[in-house]
Structure formats: C-alpha cells, structure tokens
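J.: Next input, structure requested:
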Amino acid sequence: MEKKTSIMKQLNKKAHPDGFMNFKFVISKVGEHDYKNSQLCIQDDRYLTPWILERMRCLGEYKNKVYCQVDEALKSLANIVGRECKELELLVPGNAPKGLDPENQERLGAAYAARRAQMQERRFEILIHLSELNMEMESIDAALQHHLQKADNVIMKHLSCYWRGILKAAGDTNIPSKPDVELPVIPGQKLYETHFKYIKQILTKGLTQGGCGDSIEDENFRKTVGGI
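T.: Predicted coordinates for the structure are as follows:
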C-alpha cells in the first residue's frame, strides 16, 4: 500500500517537535538568561517559564499532527478491510436443489461443486490478505508509538538542558532538580485510537467468523469502511 509505505517512512524519521536548531549549550544559556530576567514563576505548584510552556505547546501540536496523519492513512486500509469482510459474508456457496431427474441433478451438482471450490479459494485469498493487513496495522501502530516516544524524549532532553541553565543561574535555592511539567492533551489521539480499535474489531470478526464489525459513533469514518 502506497499510503502505508509513506506513513511508515515518515514515522521512521527522527522526531523534531520543537524544530531543528536546538543546541544543548544554547538552550542552557537560555535557561540562565530567563532566570536572571525573572521569567521563572510558580503555577499550580509547578515551576514554569514561557519557554517551557512554549515547548509543551510544540509537543502537543506535533503529536496531534502525527496522530491525525496516521489516522488519515488508515482510511484507505479501512476501506479495503470493510470491502473484503463484506465479500466474505457473501461467499456462501449453498447446495444444489434436490428432487431433479438424475441427469440434471448430476449437472447441477457438478456446477455447485465447482462454485464452492471457487468460493473457497477466494475466501482463502481474502483471509490471507486480511491477516497481512492486520500485521500492517500492528506495524503502523508500533511505529507511531515509537515515534511519539521519541518526540517526548526530545522535548524532555531540551527541558533538561534548559533547566540546568536555570539551576546554574539560581545557585543554592529550593528550586527542584528537574522541572515538573504536565503533558498536553492530544485531541487526535482519541480519534486515532477509536478508529484503530474499530478496524481491528472488523479484522478480528472477518478472520474468525467471515463477517464484519459493529457500528461506530463516527459516521464519516463508518462510511469509509463500506457503510457498516
């Protein structure tokens, strides 16, 4: 899948939630400068500065953008899953009618047997493909979580450098050894997790029962997977 390949390439890149030009010694100097210019304050029992708040805002926006991009990439996959699960439901061969004369009974029996063989082959193809799509989804989700963790780590490293500058400028004070920050709420996370869970439900039912999943609250996304 082209979109899947594209999103995986993006997720395998380095995370830059707050830009590219972030040198440790420069960030530490910024911390010293901000303390000397009385930028440090206490909000809700947390030591904060405008620089820290801006970095947390950057992290929140970056993670939300990545969640939304992956969610968008899943739509084409969801469409395929919904279509193939629907096809599985329709692949019911049935039996040849009874009570016919021997010649017609034999002819219809052979025709129904051939159709059953074709359907069984197609079901096998679909189930193999659904299994592959299931593994693709797991790979995408694992890459997403790894990328977001890298983004968190980048911001925390920058905060650590910045805080060293704060502590150096403050000298012997009661300032904690590391900043206590609150991670931002990510709107795109809930959207992605809802859609991911839904597609997985469809896949699980398709693989185990040859059917599709239940309804979902998001009408637009539900239509993406074939109106189920």
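
J.: Name the helix or strand for I42, please.
T.: Per DSSP states H and E: I42 is located in strand 41-43.

J.: what's downstream of that strand, the next helix or strand?
T.: Next in sequence after strand 41-43, counting helices and strands by DSSP H and E, comes strand 46-48.

J.: what is the mean pLDDT for that next one?
T.: For strand 46-48, mean pLDDT is 91.

J.: ditto for stretch 30-39
T.: Mean per-residue pLDDT for stretch 30-39: 95.

J.: Can I get that stretch in CSV, CA atoms only?
T.: Extracted C-alpha coordinates of stretch 30-39, given in CSV (Å, rounded to 0.1, in the frame of the first residue of the first chain):
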residue,chain,number,x,y,z
VAL,A,30,18.6,30.5,27.5
GLY,A,31,17.7,28.9,30.9
GLU,A,32,20.3,31.1,32.6
HIS,A,33,19.1,34.2,30.8
ASP,A,34,15.4,33.5,31.7
TYR,A,35,16.1,33.0,35.4
LYS,A,36,18.2,36.3,35.5
ASN,A,37,15.3,38.1,33.8
SER,A,38,12.7,36.8,36.3
GLN,A,39,10.9,34.5,33.8
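
J.: how far out from the middle of the chain is stretch 12-24?
T.: Offset of stretch 12-24 from its chain centre (Cα atoms, centre = their mean, to the nearest Å): 21 Å.

J.: again with stretch 33-48
T.: The answer for stretch 33-48 is 36 Å, by Cα atoms, centre = their mean.

J.: Okay, buried residues for it please.
T.: For stretch 33-48, the buried set under the neighbour-count rule, 16 or more other Cβ atoms under 10 Å, comprises D34, Y35, Q39, L40, Y47, L48. All C-beta atoms are positioned from the backbone trio N, CA, C, and that covers glycine.
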